[in-house]
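**Q** Here is my input; please provide its structure:
(one chain, ligands or ions: 2)
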Amino acid sequence: TTQKQTHGFQAEVKQLLQLMIHSLYSNKEIFLRELISNASDAADKLRFLALSDSSLYGNEGDLRVRVSLDEAAKTITISDNGIGMTRDEVISHLGTIAKSGTKEFFSQLSGDQSKDSKLIGQFGVGFYSAFIVADKVTVRTLKAGAAPDSAVEWESAGEGDYTLASADKTSRGTEIVLHLRDGEGEFLSKWKVESIITKYSDHISIPVEMWEEGTAEREEDGEKIPATEGHWKAVNKATALWMRDKSEVSDDEYQEFYKHISHDWTEPLSWSHNKVEGNTNYTSLLYVPKKAPFDLWNRDARHGLKLYVQRVFIMDDAEQFMPSYLRFIKGVLDSSDLPLNVSREILQDTKVTQSLRKGCTSRVLKMLEKMAKAEDQTEYQSFWDEFGQVLKEGPAEDHANKESIAKLLRFSSTHVDTAVQSVGLEAYVSRMKEGQDEIYFLVGDSFEAAQHSPHLEVFRKKGLEVLLLSDRIDEWLMQHLTEFDGKKLRSVAKGGLDLSKLDDEDTKKAQEESEKQFAGVAERFKTALGDQVKDVKVSHRLTDSPACVVTDEFDMSTQMIKLMESVGQ
Ligand code: ADP
Ligand code: MG
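**A** Ligands and ions are numbered 1, 2, ... in the order given. Prediction:
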């Protein structure tokens with residue numbers, strides 16, 4: 001063994017550890033879920049690499065996780081025969097947080113632990129949760145295919161640093177020893193640990209085993225029962241959850257599975273599990289998260305589904321199966337139509353990829369539609385508040401599904417007159433006035449600016465509802481969403497607006513009168529303003545304000561001009 005070397009944790013790791021221990025204290029047992037989840041990921045990764053190099057299995061082809069308890073030493077050990085880690089991997093995976101945007105995220109923490117611990121949930125709990133129950137953690141690992149003398153030992157008390165040394169470990173995989181803190185003795189009870197595994201890890205597709213003591217020969221009702229030897233026994237179901245029949249999977253199991261694949265620690269909002277057979281063959285299990293991840297707007301953030309081919313894990317973050325406007329969806333796709341040796345490159349543009357993507361997209365849209373139609377709107381509203389901005393990219397990106405996406409959109413409007421985006425286009429249409437054949441909207445720099453725009457005066461007076469838009473993306477959205485349910489969407493800030501159909505004869509007469517009366521004034525304005533304006537017209541749009549600036553029907557709106565300027569156009 002070489003000398004131990006001491007390394008410092010990345011600053012963010014220290015922060016994460018502090019917050020995690022603090023905020024998860026009442027739910028400590030999840031450390032076991034996290035470590036078993038990692039062991040299962042490690043098995044998946046090995047199985048994938050072995051597709052092209054079966055020698056990696058050596059003489060240990062049956063992948064499993066083992067959990068053992070040592071009452072005397074007060075340790076609980078989780079060991080797997082998965083992919084293992086090299087020394088460099090140990091340093092980067094167990095000493096840093098590699099996610100993009102981590103630094104920015106941590107710099108936003110307030111220092112108020114209760115607020116921060118809510119935020120930190122977006123990070124997923126992971127390996128470091130071991131320190132909730134352990135005051136020392138020892139990891140020994142040997143990478144698949146590496147020389148037996150290259151095993152590494154990592155050890156830490158979860159404070160500022162950890163040590164690295166070489167380890168005596170000749171079998172492939174990773175072994176994690178938790179030295180339990182005083183008072184955490186309950187995790188030495190076999191019954192307790194078994195029940196935690198069943199609760200959180202039943203869906204793990206490899207066996208999670210615990211040691212079963214042998215029994216001596218005995219007699220029961222005059223019958224001899226032979227002695228048994230001690231053996232490792234699976235505690236979980238050990239079948240891939242998505243392959244099971246829907247009716248056999250409980251909500252709890254679906255939720256735990258979500259946490260396993262998403263690295264999110266809150267329950268999902270909703271899910272959809274489908275088996276499709278026919279032209280394309282696949283099983284998908286897709287989840288809508290409750291909370292947006294901190295890196296939803298980070299261009300480099302990874303997203304996409306976990307891809308399996310005939311239950312063999314192929315890759316994480318396969319983004320080819322979800323359009324970008326649904327990038328928040330988490331889940332598993334298992335197809336038998338793709339070859340086992342499929343690569344990201346091959347996936348790029350095959351027919352199979354396209355039809356799988358189409359299928360998955362429509363599943364998600366259906367799931368959202370169901371939520372959007374529910375009597376109780378709280379669930380959909382909370383979805384919209386988290387992900388609405390992303391969904392608004394939909395009409396521009398996905399022409400085929402434009403109408404279904406449009407039904408899912410929610411806006412503020414003069415009908416509700418609050419900043420909450422809760423008005424759907426269908427609801428708008430159902431409230432349209434006799435003779436109204438267009439859907440009116442106004443884009444402003446902020447909700448307040450839109451709400452108080454002089455353009456709205458005449459609409460308010462006539463009782464016509466106007467959608468009030470003020471998100472950055474809205475201008476872009478409205479360029480692609482020009483029609484809904486056969487009705488044009490029309491900006492009230494643009495020219496060419498004719499509300500006369502909605503007026504009675506008397507009003508029309510009066511308007512013609514005033515047009516004649518003010519024609520001269522308009523002409524003088526025009527001469528005075530010269531090149532600065534295209535035209536000056538007498539308008540009936542305003543009721544209280546004397547004048548307003550409008551853009552021509554086919555010109556860029558003032559918001560669009562600002563947007564273009566802000567990106568340097
Ligand atoms: P996550 O699982 O979300 O990536 P974790 O904190 O749980 O985050 O784990 C960090 C990383 O450490 C994993 O991504 C993996 O690369 C590595 N790792 C953890 N446990 C194991 C293990 N049992 N075998 C191999 N690698 C592991
Ligand atoms: Mg993990």
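
**Q** burial of whichever residue of the stretch 151-300 of the chain sits closest to ligand 2, as a residue count?
**A** At 5.9 Å from ligand 2, residue 263 is the closest residue in the stretch 151-300 of the chain, using C-beta to the ion. C-beta coordinates here come from the backbone N, C-alpha and C atoms, glycine included. By the criterion of other C-beta atoms under 10 Å, residue 263 has 17 neighbours.

**Q** where does the closest residue to it other than its chain neighbours land on pLDDT?
**A** With C-beta to C-beta, 6 or more residues apart in numbering as the criterion, residue 263 has its nearest non-adjacent residue at 3.1 Å, and that residue is residue 124. Residue 124 carries a pLDDT value of 70.

**Q** how long is stretch 248-268 from one end to the other?
**A** 19 Å (C-alpha to C-alpha, to the nearest Å).

**Q** same check, this time on stretch 178-188
**A** Stretch 178-188: ends 11 Å apart by C-alpha to C-alpha.

**Q** before we move on, what about stretch 421-441?
**A** The first residue of stretch 421-441 is 13 Å away from its last residue (C-alpha to C-alpha).

**Q** just the helices in the stretch 301-450 of the chain please.
**A** Taking DSSP state H, counting those that start in this stretch as the test, the helices found in the stretch 301-450 of the chain are 344-347, 351-373, 378-391, 394-397, 402-408, 425-430, 447-451.

**Q** returning to that earlier point: wait, isn't the residue of the stretch 151-300 of the chain closest to ligand 2 in contact with residue 129?
**A** No: contact between residue 263 and residue 129 fails when scored by C-beta atoms under 8 Å: they sit 11.4 Å apart.

**Q** Spell out which residues of the chain are next to ligand 1.
**A** Within the chain, the positions near ligand 1 by C-beta under 6 Å from any ligand atom are 34, 38-39, 41-42, 80, 82-85, 93-94, 124, 126-127, 174, 263.

**Q** try 5 Å
**A** Counting by C-beta under 5 Å from any ligand atom, the positions of the chain adjacent to ligand 1 are 38, 39, 42, 85, 93, 124, 126, 127, 174, 263.

**Q** Not counting sequence-adjacent ones, nearest residue to residue 305?
**A** residue 333 (4.7 Å).

**Q** what does residue 385 give?
**A** Using C-beta to C-beta, 6+ apart, the nearest residue to residue 385 is residue 421, at 7.6 Å.

**Q** Now do the contacts for the one you found.
**A** Contact analysis of residue 421 by C-beta atoms under 8 Å, 6 or more residues apart in numbering lists 384, 385, 388, 410, 411, 412.

**Q** roughly how far apart are the fourth one and residue 368?
**A** Residue 410 is 11 Å from residue 368, where distance means C-beta to C-beta, to the nearest Å.

**Q** Quick check: buried residues in the helix or strand hosting residue 199?
**A** Assigned by DSSP states H and E, residue 199 falls within helix 190-201. Using 16 or more other C-beta atoms under 10 Å as the test for burial, helix 190-201 gives 190, 193, 194, 196, 197, 200, 201.

**Q** Just the local confidence number for the second one, please.
**A** At residue 193 the predicted local distance difference test score is 97.

**Q** what's the answer for the fourth one, then?
**A** The predicted local confidence for residue 196 comes out at a pLDDT of 95.

**Q** Run a quick neighbour tally on whatever residue of the stretch 51-200 of the chain ends up closest to ligand 2.
**A** The stretch 51-200 of the chain approaches ligand 2 most closely through residue 126 (4.3 Å), counting by C-beta to the ion. Residues near residue 126, counting by other C-beta under 10 Å, number 19.

**Q** ok, it touching residue 263?
**A** Yes: with contact defined as C-beta under 8 Å, residue 126 reaches residue 263; the gap is 6.7 Å.

**Q** List the buried residues in stretch 152-165.
**A** Going by 16+ other C-beta under 10 Å, stretch 152-165 has these buried residues: 152, 153, 154, 155, 156, 158, 162, 164.

**Q** Let's have those residues in a markdown table, adding distance to residue 180 and secondary structure.
**A** Formatted as a markdown table, those follow (distance: C-beta to C-beta, whole Å; DSSP: H, G, I helix; E, B strand; the rest coil):
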| residue | distance to residue 180 | secondary structure |
| --- | --- | --- |
| 152 | 23 | strand |
| 153 | 19 | strand |
| 154 | 18 | strand |
| 155 | 15 | strand |
| 156 | 15 | strand |
| 158 | 13 | coil |
| 162 | 18 | strand |
| 164 | 23 | strand |
